[in-house]
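> Below is the structure, and that's it, no one-letter string:
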């Protein structure tokens, strides 16, 4: 596609529920990143994919967070047993490859846990 | 650990004037990348300018330029001839990593442009 697409744009869920956030990167981009941006903060790194594999998941806060990219294109960030502290904007970015450090960002998904 | 610090939570500039946003970082690496990203209310992060640490020449992109001081670990953004459309959050970011190239962002500076 023309840009990085994230769906949904906004998501409200109840505490304890499971959510999935989707990222559709720019066509042909092999590197994909997820970031979390809490209110008043800069984005924080969660996980990086090179192709289908998670090359670096050091930013995932705990085992309730999981991400997949089964065909090396679309990625899904999954959050189990959501907590109010998970409320944030989740940003996805992609780049042509890991050596090309210019990343293109989507508009994010605003997750609100009530 | 690498860190990025933006000490100005908010800045204001008169339309057509010049403003400088500050950023400092900490790293033990000698080769890395620095960025300024703009985030308007739409939430999308938009690349403003990029600097490779091995390049001594400061990067420029039209009205945007940086003052990169490697020894001081300082990376400021200068916006000339400010326009109303420049109003946004600005984030300084650092990138390094042989396997990741993940970004580390500062906390941002909100820029207001006054008509």
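Cool, got the structure. Computed from a prediction, not measured in an experiment: that's the story for all the values here.

> Count the neighbours of residue 27 for me.
If you meant another chain, say so; for now it's chain A. Counted with other C-beta atoms under 10 Å in any protein chain shown, residues neighbouring residue A:27 total 9. Quick note: C-beta positions are derived from backbone N, CA and C, even for glycine.

> right idea, wrong chain: chain B
For residue B:27, the number of neighbouring residues by other C-beta under 10 Å comes to 17.

> what do you get for residue A:60?
By other C-beta under 10 Å, the residues close to residue A:60 number 18.

> and it, what does it touch?
By C-beta atoms under 8 Å, 6 or more residues apart in numbering or on different chains, the contact list for residue A:60 reads A:46, A:47, A:66, A:67.

> do the same with residue B:6
B:21, B:22, B:23, B:91, B:92, B:106, B:107, B:108, B:109.

> Just the buried ones among the contacts of residue A:60, please.
The neighbour-count criterion (16 or more other C-beta atoms under 10 Å in any protein chain shown) marks A:46, A:47, A:67 among the contacts of residue A:60 as buried.

> From those residues, pick the one nearest residue A:88.
Among these, residue A:46 lies closest to residue A:88 (C-beta to C-beta), at 10.3 Å.

> and the closest one, how far is that from residue B:40?
Shown here: residue A:46 relative to residue B:40, a distance of 23 Å by C-beta to C-beta, to the nearest Å.

> can you check residue A:96 too?
When C-beta to C-beta is applied, the distance between residue A:96 and residue B:40 equals 24 Å.

> Tell me where chain A has strands.
Under the criterion DSSP state E, chain A carries strands at the ranges A:5-7, A:10-13, A:19-24, A:31-37, A:44-50, A:53-56, A:65-68, A:75-79, A:88-95, A:104-105, A:109-113.
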